[in-house]
Structure formats: structure tokens, C-alpha cells
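Asker: 3D model of this:
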Amino acid sequence: MTMNTPLHGSAKALRLAAIGGVLLAAGAGFAYAAGWLGAPRLTPQRIIDTFEAQAGHYPGYRKNHAKGLCVSGYFQASGQAANLSTARAFSQQRVPVVGRFAIGGANPFAPDTGIPVRSLAIELSTDDGQVWRTGMNNPPVLAVSTPQGFYQQVLASAPDPATGKPDPGKLQAFFAAHPESAAFRQWAAGYKPSDSFANTQYHSINAFRLIDAAGAAHPVRWQLEPQTAFAALPAQVDDKQFLQHDLQQRLAQGPLRWTLRLVLAEPGDAVDDPARPWPAERRSVDAGTLVLEQVDAPEQGACRDLNFDPLILPRGIEASADPILAARSAAYSESFNRRSRESLSTGAKP
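Answerer: I've put the predicted structure just below:
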């Protein structure tokens, strides 16, 4: 039986960096097409075609974070964030939630432990008719600050035809040219994967603005902190569906919980740069608890047809000036539109 061995050391750091480029390739492409890189002839469609040529084309699946499964539950506000934002999610006692766990990459049949990037996207629908969608990843920062940097990372991360893997030399040259990647590289080098989606911490990465009742803005990033104890991923895993099976087993035994923590920026903090971490001592607020109760089979459930656009925000939450947010939004839209016109591929089943 084939074993899937988790990555370690410098190889892991390079692989994470390469995956980081793949995860954000579409966003870079739309920024490029929007003129931010000065080549309007390079259209979103052409960029996605190039991305799929590199990563593989799987009709009907998301063009990124293709392998995942739907979950549902609710968010229970603590009330502690209600003075920072008028968003109803921070005061309503129980907000219905639909979500999706996934691993990074375009291959919906990849082994769960073969890609270190994990994500959790959720939609909160409050009783005032507002909707809040947020997509979060386990890295706390990105390797680059701009859509231009994204595109350069994608180029550096392209698979070598001879090996099928990114060229380490090109990646090293990219990082040498992008010193802003230092925080991401430090995270990647020390990253220790947990054995479950349930005990993974997820980050908004980008900053947003909370708007209070007086109209004042409070820049924040948020993170979901697991209430399930950390346990390390085994050195070898032979189940390609390891994370999915684990999540199904855990939810069959009872709900899973995360604390939604809002981290507030102070003057001088980089609110428009997702590559720059904020100091660890920044004040944070426990906004409430995410409770997940049910999981659906892969590619089924209420999340299947949702576009987790990070700019779908309720009253009381606004986007920051981070240019990558607009790129993400455009990329998600094109991915959604394209897969909605495709029949789901059966491919090489996991």
C-alpha cells in the first residue's frame, strides 16, 4: 500500500512556497488582467487556462481548493465584539453557518496529507438578511504583498516539465527578490501539521475594517482557534482521505468548536499588506464560538454551489485597502462561473 509521507525541513518549506503560488495564481491573474501589471491583453480566461494547464483541469470542481467537503452548524456570539461593529453576527445569539473544509490545490483527487495548506470557508446568514462569507487558511500570512508579487510567485512555482515539480532554484531566486516573504518562510519552516481539520487554526490573512455604531473604523484580522487539542500528524499516512474520514468520525461523536478571535491593529500596523504579521501582543477580542455539527459527503451539501467571495460582507464589516482582496474576489468569481458551466469530472478516483 502506498504511503503518503508528510513533508519536513527545507523540502517542506519549498513545497509550501510553491503551493502558496498555486493557491493564489488565479488571484494574480485577475489582477494582471485588470491592468495592475500593465498587460491588459492577458485576460482572466487566459490566466485560468494557463493555471489549469500547469495544475490540471478537473471540470466541475473549484479551480483552487478543489478537494473538500461541506459542513454546517452555527456561530454563537459572545457579545464582546458588538461595540466594535454593527454586524449582526456579533450580537445575534445563534447564526446559521454553512462551511467547507478543503486542502489547497486544483486536484480534487489528491491525498489529504500531500498538501500542507488547509482551508475553512464559512457563510454566516443573520436574521437581518445580511450575509458574511470568509475564506481562511492555516498560514497566517502570504509570501507577497501585491498582485504583481503573486504573479511572479506563480511563474516561479510552475512545474518543471522534466520533474513535474517546481524548480527549487527558481523559487530561491524568487524569495531572494522578495524579502517581504520572510514571515511566510519562517512560518513554513516551522510548520507542524496537526492530525485533523478539527485542531487546525485558520486565519483571514487579509485585514478588514469593523464599523461601529458611531461610524468609527477598527482594522482587524481574525482567526479561528480550535478548541480541540493539537495532535501531530503521523509520520506516515496510508489513507488518501485521512482528513475527511477523521472529520466525519469526529462529528459523528459530537460538535466541534473554534473561538473566533478578532485581532485589532494599532497605528503603524500594515493593514493593507498580507505578508506582514502584526506584533503578537496586539489586543484581541473573543467574538464568539463557531460550532460545527454536521458534515456532508464530498461535493454534496449546501456549500457545493457557494462562492466564498471574501468581499461578500455584511453591514458593519468593510474591506481594507489590501489590493489582494479585490484579486481574490475576481478569481473566485471566474472560478465559480467556469465550474458552474461544467459537468463534474469523475477522473482518477481517490
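Asker: now the helix or strand where T134 lies, how far from the centre of its chain.
Answerer: Element membership for T134, per DSSP states H and E: strand 131-137. Its chain's C-alpha centre and that of strand 131-137 lie 9 Å apart, by C-alpha atoms, centre = their mean, to the nearest Å.
Asker: and it, what's its mean pLDDT?
Answerer: The average pLDDT for strand 131-137 rounds to 98.
Asker: now do the buried residues in that strand.
Answerer: W132, R133, T134, G135, M136, N137 (16 or more other C-beta atoms under 10 Å). The C-beta positions use only the backbone N, C-alpha and C, and glycine is treated the same way.
Asker: what is the subsequent helix or strand relative to it?
Answerer: helix 147-156.
Asker: can you pull the buried residues of stretch 164-175?
Answerer: For stretch 164-175, using 16+ other C-beta under 10 Å, the buried residues are P166, D167, P168, L171, F174, F175.
Asker: for N83, what are its contacts?
Answerer: D212 (C-beta atoms under 8 Å, 6 or more residues apart in numbering).
Asker: that one and V220, how far apart?
Answerer: Relative to V220, N83 is positioned 13 Å away (C-beta to C-beta, to the nearest Å).
Asker: same deal with G149?
Answerer: For G149 relative to V220 (C-beta to C-beta), the value is 23 Å.
Asker: centre-most residue in this protein?
Answerer: N137 (3.4 Å; C-alpha atoms, centre = their mean).
Asker: which ones are touching that one?
Answerer: N137 neighbours (C-beta under 8 Å, 6+ apart): L23, G104, V117, R118, S119, Y202, H203, I205.
Asker: among those, which lie within strands?
Answerer: Using DSSP state E, the members of the contacts of N137 that fall within strands are R118, S119, Y202, H203.
Asker: mind picking the two most distant members of those?
Answerer: R118 and H203 (10.9 Å; C-beta to C-beta).
Asker: more neighbours: these two, which one.
Answerer: Between R118 and H203, counted using other C-beta atoms under 10 Å, the more crowded position is R118 (24 against 19).
Asker: that one contacts S196, doesn't it?
Answerer: No: the criterion here is C-beta atoms under 8 Å, and R118 misses it with S196 at 9.7 Å.
Asker: between the two, which contacts overlap?
Answerer: L243.
Asker: just to revisit the earlier point, neighbour count: G149 and V220, which is higher?
Answerer: V220 (26 against 23).
Asker: now do the contacts for that one.
Answerer: L84, A207, F208, R209, L210, L262, V263, L264, A265.
Asker: give me the number of residues near the closest residue in space to the fifth one that isn't next to it in sequence?
Answerer: Computed as C-beta to C-beta, 6 or more residues apart in numbering, the closest residue to L210 that is not its neighbour in sequence is S85, at 3.8 Å. Residues within reach of S85, counting by other C-beta under 10 Å, total 26.
Asker: check A143 too.
Answerer: 26.
Asker: picking that back up, as CSV, the ones in strands among the contacts of N137 with distance to Y74 and pLDDT would be great.
Answerer: Shown next, in CSV, are the ones in strands among the contacts of N137 (distance: C-beta to C-beta, whole Å; pLDDT from 0 to 100):
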residue, distance to Y74, pLDDT
R118, 22, 97
S119, 20, 97
Y202, 17, 99
H203, 21, 99
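Asker: where along the stretch 101-250 of the chain do the helices fall?
Answerer: 147-156, 168-177, 182-190, 242-253 (DSSP state H, counting those that start in this stretch).
Asker: I figured Q227 was touching L260, is that so?
Answerer: No: applying C-beta under 8 Å as the test, Q227 and L260 come out as separate, 11.3 Å apart.
Asker: which one of those two is surrounded by more residues?
Answerer: L260 (25 against 15).
Asker: in a strand, that one, correct?
Answerer: Yes: under DSSP: H, G, I helix; E, B strand; the rest coil, L260 falls within a strand.
Asker: hey, which helix or strand in the chain has the poorest pLDDT?
Answerer: helix 25-31 (a mean of 40; mean pLDDT, DSSP states H and E).
Asker: just give me the longest helix of this protein.
Answerer: helix 323-340 (DSSP state H).
Asker: give the other helices and strands that that one contacts.
Answerer: Other helices and strands packing on helix 323-340, by 3 or more C-beta pairs under 8 Å, 6 or more residues apart in numbering; DSSP states H and E, are helix 25-31, helix 44-55, helix 147-156.
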